[in-house]
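# can't give you the sequence, but here's the structure:
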């Protein structure tokens, strides 16, 4: 649900569960990054979140990557994952069936049809 504040700015309302999950995620990410790791592994960080929080999470992941920390991301939201990645690997039943530059895979017609719903 969207609403506007007094200044006319539009916001999307989140549920209390979204707020709880966002706070928990932020706390976990903060703890993980305090030691300045070279690599961070994330397994389905967007699972169960509302669309507005998914966008926020992916922005955080992109910022982490841009800061120089390697991010190994396992994610079923292929479109968002490919949009922020340098490289990608497509797994089917535990085997790598495709790999390459994320920018190449996101524009590949077979990937679009099979994994991006286009």
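Good, I have the coordinates. Computed from a predicted structure; not experimentally measured.
# all strands of the protein, in order?
2-4, 10-12, 39-43, 70-74, 87-92, 95-101 (DSSP state E).
# Adding mean pLDDT, write those strands out as TSV.
Output for the strands of the chain, formatted as TSV (pLDDT from 0 to 100):
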stretch	mean pLDDT
strand 2-4	56
strand 10-12	58
strand 39-43	92
strand 70-74	94
strand 87-92	92
strand 95-101	94
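# Just send those strands back as TSV, with distance to residue 60 too.
Quick note: C-beta positions are derived from backbone N, CA and C, even for glycine. Compiled in TSV, the strands of the chain are given as follows (distance: least, C-beta to C-beta, whole Å):
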stretch	distance to residue 60
strand 2-4	22
strand 10-12	17
strand 39-43	10
strand 70-74	10
strand 87-92	19
strand 95-101	23
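# Of all those, which one is nearest residue 110?
Among these, strand 95-101 comes nearest to residue 110, with 8.2 Å by C-beta to C-beta.
# Name the residues of that closest one that are buried.
Residues residue 98 are the ones in strand 95-101 that count as buried (16 or more other C-beta atoms under 10 Å).
# Quick check: can you name the pairing partners of it and their directions?
Using DSSP bridges, strand 95-101 pairs in its sheet with strand 87-92 (antiparallel).
# Of all the residues in the partner strand, which ones are buried?
When burial is assessed from 16+ other C-beta under 10 Å, strand 87-92 yields the following buried residues: 88, 90.
# now the angle from that strand to strand 70-74?
Put simply, strand 87-92 runs at 20 degrees to strand 70-74, going by axes from the mean of the first three to the mean of the last three C-alpha atoms, to 10 degrees.
# Run through who's touching strand 87-92.
Residues from elsewhere that reach strand 87-92 (C-beta atoms under 8 Å, 6 or more residues apart in numbering): 81-82, 96-102, 105, 111, 115.
# and residue 25, how many residues sit next to it?
With neighbours defined by other C-beta atoms under 10 Å, the count for residue 25 comes to 18.
# can I assume it is in contact with residue 57?
Yes: counting by C-beta atoms under 8 Å, residue 25 does reach residue 57; the two are 6.5 Å apart.
# How about the contacts made by the spatially most central residue of the chain?
Geometric centre of the chain, nearest residue: residue 58, 3.6 Å, by C-alpha atoms, centre = their mean. Residue 58 makes contacts with 46, 80, 83-84, as judged by C-beta under 8 Å, 6+ apart.
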